[in-house]
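> have a look; sequence and predicted model below, questions after that.
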Amino acid sequence: MKKILLVDDDQKLINLLSSYLINEGFLVHSTTNTLSALVVIRNDCPDLIISDIMIQELNGYDFIKLLKLDNTLVHIPVVFLTAKGMTSDRIKGYNLGCHAYLTKPFNPKELLAIVRNIFRNIEILRKYSAYPSYKDEMDSNLLNILTPREKSILNLLLQGYMNKEIALCLNTSLRNVEKYISRLLNKMNCRNRVELVKALLRFD
């Protein structure tokens, strides 16, 4: 059972979201501040963190900075769930390493889809790591036919980023991202991104 840590100073939201995620099969811990969250993480490391940004004492941006500086915690995916909806805020979040950025008010079903997508891609990458010869083969064959921009988008695709998040992270338009993904699909003779990831990682 995947463990999720919720970090938000809105106790009502935590209660509602905890119940929803528990009903969807997750084990959920929660805290109202990032300092307490760090204690929870040390005692029982979660598989994913959903955090607000506007939290007193240590905000969400500072929180993720600490996680990314610690080699034992850097692997934990972070989803920002916040009322800060400016494009500059979202870009800052992605530049700091968040996997997804969702603004309040939000649809719980969209958050659930994001969480499941992150876990699905982590599992694919975990399987990929069991094939050490793959990387060299891909480097010498596939990557040589890709442009630098296609490689950047491919890397984000493999991490589970959605098109709009890729656009923000690379500071480009959604239309450009869709264009590059279409090129990647054509080069790999794939119909969609799921087939693309499987083809890249050589999974049936």
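Nice, thanks for sending it over.

> chain center to the helix or strand harbouring I41, what's the gap?
Here I41 sits within helix 34-43, counting by DSSP states H and E. The chain centroid and the centroid of helix 34-43 are separated by 20 Å under CA atoms, centre = their mean, to the nearest Å.

> and stretch 11-24, by the same measure?
20 Å.

> please name the nearest non-neighbouring residue to Y20.
Spatial nearest neighbour of Y20, excluding adjacent residues (CB to CB, 6 or more residues apart in numbering): P108 at 5.2 Å. Every residue, glycine included, has its C-beta placed from N, CA and C.

> and the one you found, how far is that from C45?
Note on P108: its distance to C45, by CB to CB, to the nearest Å, is 24 Å.

> that older thread, what is the burial count for the residue nearest to Y20?
Look at P108: counted by other CB atoms under 10 Å, it has 12 neighbours.

> identify each buried residue in stretch 16-26, please.
Using 16 or more other CB atoms under 10 Å as the burial criterion, the residues of stretch 16-26 that qualify are 17-18, 21, 26.

> can you pull the domain assignment for the protein?
Domain assignment for the chain, taken from automatic domain parsing, gives 3-124, 132-200.

> as TSV, those with mean pLDDT would be great.
Shown next, in TSV, are the domains of the chain (pLDDT from 0 to 100):
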stretch	mean pLDDT
domain 3-124	91
domain 132-200	74
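
> can you list the residues that contact the helix holding I41?
5, 7, 29, 31, 46, 49, 51, 55, 57-60, 62-63, 66-67, 73, 76 (CB atoms under 8 Å, 6 or more residues apart in numbering).
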